[in-house]
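Asker: For reference, the sequence and a predicted model appear below.
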Amino acid sequence: MARYRLRLSYDGGPFRGFAINEGVPTVGGALRFALEQVLQHDVPIVCAGRTDAGVHALDQVVSFDTEKPVDPEALRTSLNSMCKPHIVVSDVEAVADDFDARFSCTGRSYRYRILNQRLRDPFRMDHTWRVSLPLEVDLMQRAGQHLLGTHDFSSFCRRQFDVFDDVRVEKPRTRTLRSVEWSHHPDNEIHLNVSASSFCQQMVRSITGLCVEVGLGLLSPEVVPGILEAKDRNAVPRVAPPHGLFLLAVSY
């Protein structure tokens, strides 16, 4: 049995997220189906970060095991042929047996793209969130700095559960945010870049939504510590839509 690592990117628009879900199209489902067609056996896969429905990835990592001999370049070509046009595998590499795409990962970075202009752009509508009113990026940056460090992000994340011996146990939502950077970009785009060892579900979209409220002048940056302290999902007034979010990079 040998272990392999795939690096891939994808447009999340046509998919209901990464995680395999019977009856609906997912990135993981399409990728696993292609692997099983090529290798002719069941191929469980592990990814660095499960993206939600509509979320994209510029650098996703997946690991899997097989007893079959693998020519990395031939496998990459086959997967790209079967998964096109929305999924592209850029690299296939043999790795150590103890490598795990999820648990070996030491850092994840996301980017959120906002189109800050009055008129729609048909060429960017599927990959940016259009906010038609002007945003004050300096205020958004100030708001984001309150989130740096280790906090309970319960106000920013959906509740998730594990099951142990038929008992549902809520997953912790404490995370360490390493960087939060808002910046202007050409053609009226504003980007949020955030990094952490890991994120919980909807965390980046909630951070984006809150900072947009601040950027519109509807909230002060100084309310952010109180929202963290509240540990209340309803304390964040807006969650940004998924189609502006990209898994930017993963590190090991």
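Answerer: Structure's in. What do you need?
Asker: which secondary structure element contains residue 123?
Answerer: Following DSSP states H and E, one finds residue 123 outside all helices and strands.
Asker: Need the per-residue pLDDT for it.
Answerer: Per-residue pLDDT puts residue 123 at 97.
Asker: That one and residue 115: what is the separation?
Answerer: 10 Å (Cβ to Cβ, to the nearest Å). C-beta here means a position set from N, CA and C on the backbone, and glycine is covered the same way.
Asker: Also residue 102?
Answerer: Taken as Cβ to Cβ, the span from residue 102 to residue 115 is 32 Å.
Asker: who has more neighbours, the two?
Answerer: Neighbours per residue, other Cβ atoms under 10 Å: of residue 102 and residue 115, the larger number sits with residue 115, 20 against 15.
Asker: The more buried one and residue 126 touch, don't they?
Answerer: No: the pair residue 115 / residue 126 is not scored as a contact, 11.1 Å apart, by Cβ atoms under 8 Å.
Asker: Residues that sit against both of these two, list them.
Answerer: The contact sets of residue 115 and residue 126 do not overlap (Cβ atoms under 8 Å, 6 or more residues apart in numbering).
Asker: Flag the shaky bits of this protein, pLDDT-wise.
Answerer: Low-confidence segments of the chain (pLDDT under 70): 161, 163-165.
Asker: how about the helices of the stretch 101-250 of the chain, start to end?
Answerer: 137-145, 203-215, 224-230 (DSSP state H, counting those that start in this stretch).
Asker: nearest residue to residue 24 other than its sequence neighbours?
Answerer: Leaving aside its sequence neighbours, residue 24 sits nearest to residue 16 (Cβ to Cβ, 6 or more residues apart in numbering; 4.3 Å).
Asker: so who does the closest residue to residue 35 other than its chain neighbours touch?
Answerer: Closest residue to residue 35 apart from its sequence neighbours, by Cβ to Cβ, 6+ apart: residue 43 at 4.3 Å. The contact partners of residue 43, by Cβ under 8 Å, 6+ apart, come to 32, 35-36, 64-66.
Asker: Identify, from those, the entry nearest to residue 97.
Answerer: Of all those, residue 97 sits closest to residue 65, with 8.5 Å by Cβ to Cβ.
Asker: what sits against the closest one?
Answerer: 1-4, 43-44.
Asker: Considering those, which is situated nearest to residue 252?
Answerer: Nearest member of those to residue 252, counting by Cβ to Cβ, is residue 3, at 13.5 Å.
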